[in-house]
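1. Need the 3D shape of this:
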Amino acid sequence: MRLKVTSESSPRRLPPWTFGLLSAALCGVALAASTPESAAPSAAPAAADAGPSVIAASIARGAIRYDSEYPTIGYADNPSHNAIVRLQERINRGEVRLKYEGPRGYLDSVLKALGIDPSSQTLVYSKTSLQLGLIRAATPRAIYFDDDTYVAWIPGTQFLEIATMDGVLGPVFYTLSNNSPTVVHIDRETSRCLTCHDTWGMTGGGVPRFLFLSTLVGENGESFAGQPGEDTTDRTAIRDRWGGWYVTGRHGTQQHLGNIIMDPDADPADVDHLRRGNLDTVRGLFNSRDYLAETSDIVALLVFEHQAYIGNLMTRANFKSRTLLEKSSSGASVDSSWSSLTPAVQRPLKAMFEPLVQGMLFANAAGLEHEVHSSSGFDKWFHSKAVKDPAGRSLRELDLRTRTFKYPLSYLIYAESFDGLPRAAKDYLYMRFADVLSGRDQSTNFRHISPEEGRTVLEILSATKPDFAAAVKARTAECAAGGCST
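-> The predicted structure is shown next:
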């Protein structure tokens, strides 16, 4: 296998309706309606043949802006803390060889190499990604994922889209050529993907992010009546989720927006009559012969949107706090402990970290009205990767009766991106988790956590995350001495 280095092209102007589309978790709507169906990402002439040891890093406008606003992050640098970089290293050492097989090209081989199970398949039929010309209700985009990496494929595609959560840089985007069995292009994407994957601040102050939105679309995948999509997070009611997605699995009488294809002349007020749920497969909705599975699993969707939500909060906290600490005139740095910071530095950092505290503790999360059942086996695969305490308990345990997860703290506390946060950030998060889970903080946002649940989570984390155990011990001693403040 030969890896060819290319660089991405400059971004093109987007039509207004593009921002209303659901961009899922991968390369966004960039290039919109002007992209030919058969076009792969255009490339500048390749640099000297770099052999199989290089993943191209395209230093484009989006990354350059980040390096100006967040110089301590170095977003334009070559990523080094993510699954795609590690895959490339294995390829370089000859441990992995990607295999090209029809009709999906490299997809099966890439998923196997990354350890991503086909049961994670979710299907989106809104016109999104760099290849929106291929996407419609009859040919949805399939997305496969694990805790930090997302791979997308569409029938007829000339390249796979890959997004991964880098432990330092946050969301990083790639494309992998899928139209040749002999030459593989793995390209770092920046400006084209960031055209949409930076909707917190394209004119400045934004950070790279994953997108998971819900919007009603027609048969051709275009947004119905130009309606904008809505961000989907743990706080979104189930009845408002998954517009533009296929959804399989059992969920009782609770309703959602999945599987709906709007007629151009339809009245939005009639959407309740179009809701269609409790499907075991997508058979009959479109020809799924070439897909890896006949499902777009409801449990996978619940986990997917949680990961995107928390990943975005982590990225924002990381970018903003590192920059503030680097610019601080008090002598603070990214290696400073929380207790060493002055109150003037702590105050703005609290505002940056508290949304992540609340998100990871599922504050104000929408509940389930009826029990949910996976249609693909994703629930079993997801739990198989659990980090367990000596009693066999894990934060990956699913509830699926009244809420998605059994325990009220996100399993993403084990993520590389969490461990990559500045020391002061982790100190603060551990302190807040300890206060909430121990019952010292009983504010409204955390009243959903029972004393028993709090104790159990403390026990699980103390047994499985040593630095958290040390932080809890220190916090307990601090509070016992009467100095329990944040």
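2. thought residue 345 was touching residue 325?
-> Yes - using Cβ atoms under 8 Å as the test, residue 345 is close enough to residue 325 to be in contact (7.5 Å). C-beta: built from backbone N, CA, C; applies to glycine.
3. shared neighbours, these two?
-> residue 332 (Cβ atoms under 8 Å, 6 or more residues apart in numbering).
4. Can you report how many residues lie near residue 478?
-> Residue 478 has 15 neighbouring residues, counting by other Cβ atoms under 10 Å.
5. excluding its backbone neighbours, what's nearest it?
-> Closest residue to residue 478 apart from its sequence neighbours, by Cβ to Cβ, 6 or more residues apart in numbering: residue 484 at 5.9 Å.
6. Relative to residue 431, how far out is the one you found?
-> For residue 484, the distance to residue 431 under the criterion Cβ to Cβ, to the nearest Å works out to 9 Å.
7. Same question for residue 102.
-> Taking Cβ to Cβ as the measure, residue 102 falls 54 Å from residue 431.
8. ok, the two, which is more surrounded?
-> residue 431 (23 against 7).
9. Which strands or helices does the host helix or strand of that one pack on?
-> Residue 431 belongs to helix 423-438 when elements are defined using DSSP states H and E. When contacts are defined as 3 or more Cβ pairs under 8 Å, 6 or more residues apart in numbering; DSSP states H and E, helix 423-438 sits against helix 298-327, helix 343-360, helix 451-464, helix 466-480.
10. My guess is residue 177 contacts residue 184. True?
-> Yes - A contact is recorded between residue 177 and residue 184 when judged using Cβ under 8 Å, the distance being 5.8 Å.
11. Neighbour count: the two, which is higher?
-> Comparing residue 177 with residue 184 by neighbour count (other Cβ under 10 Å), the higher total belongs to residue 177, at 21 against 18.
12. Backbone torsions only: list them for the more buried one.
-> Geometry field for residue 177 lists phi and psi as phi -60, psi 130, criterion degrees, to the nearest 10.
13. Beta-bridge partners for it, please?
-> The residues listed as beta-bridge partners of residue 177 by DSSP bridges are residue 159.
14. and if you look at residue 136?
-> Beta-bridge partners for residue 136, by DSSP bridges, are residue 139.
15. so what's the closest residue to residue 448 other than its chain neighbours up against?
-> Closest residue to residue 448 in three dimensions, ignoring its sequence neighbours and counting by Cβ to Cβ, 6+ apart: residue 408, at 6.6 Å. If a contact means Cβ under 8 Å, 6+ apart, then residue 408 has 361-362, 448-449, 453-454, 457 as its contacts.
16. Give the ChimeraX command for selecting the buried subset of those residues.
-> Applying 16 or more other Cβ atoms under 10 Å to these, the buried members can be selected in ChimeraX as follows:
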select :361,362,449,454,457
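17. residue boundaries of the helices in the protein?
-> Counting by DSSP state H, the chain forms helices over residues 61-69, 83-92, 107-114, 191-194, 298-327, 343-360, 378-384, 416-419, 423-438, 451-464, 466-480, given from the N-terminal end onward.
18. can you list those in TSV and add distance to residue 149 and mean pLDDT?
-> Conversion of the helices of the chain to TSV gives the following (distance: least, Cβ to Cβ, whole Å; pLDDT from 0 to 100):
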stretch	distance to residue 149	mean pLDDT
helix 61-69	20	71
helix 83-92	5	91
helix 107-114	6	97
helix 191-194	15	75
helix 298-327	10	96
helix 343-360	20	97
helix 378-384	14	98
helix 416-419	11	96
helix 423-438	23	96
helix 451-464	22	97
helix 466-480	25	87
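19. wait, which of those helices is closest to residue 124?
-> Nearest to residue 124 among these is helix 298-327 (9.9 Å), distances taken as Cβ to Cβ.
20. other SSEs contacting that closest one?
-> strand 122-124, strand 141-145, strand 170-177, helix 343-360, helix 378-384, helix 416-419, helix 423-438.
21. let's see 6 Å
-> With contacts defined as 3 or more Cβ pairs under 6 Å, 6 or more residues apart in numbering; DSSP states H and E, the secondary structure elements packing on helix 298-327 are helix 343-360, helix 378-384.
22. Those: which one's closest to residue 289?
-> helix 378-384 (21.1 Å).
23. quick one: that closest one to chain centroid distance?
-> In this view, helix 378-384 has its centroid 18 Å away from the chain centroid, taken as Cα atoms, centre = their mean, to the nearest Å.
24. All set, thanks.
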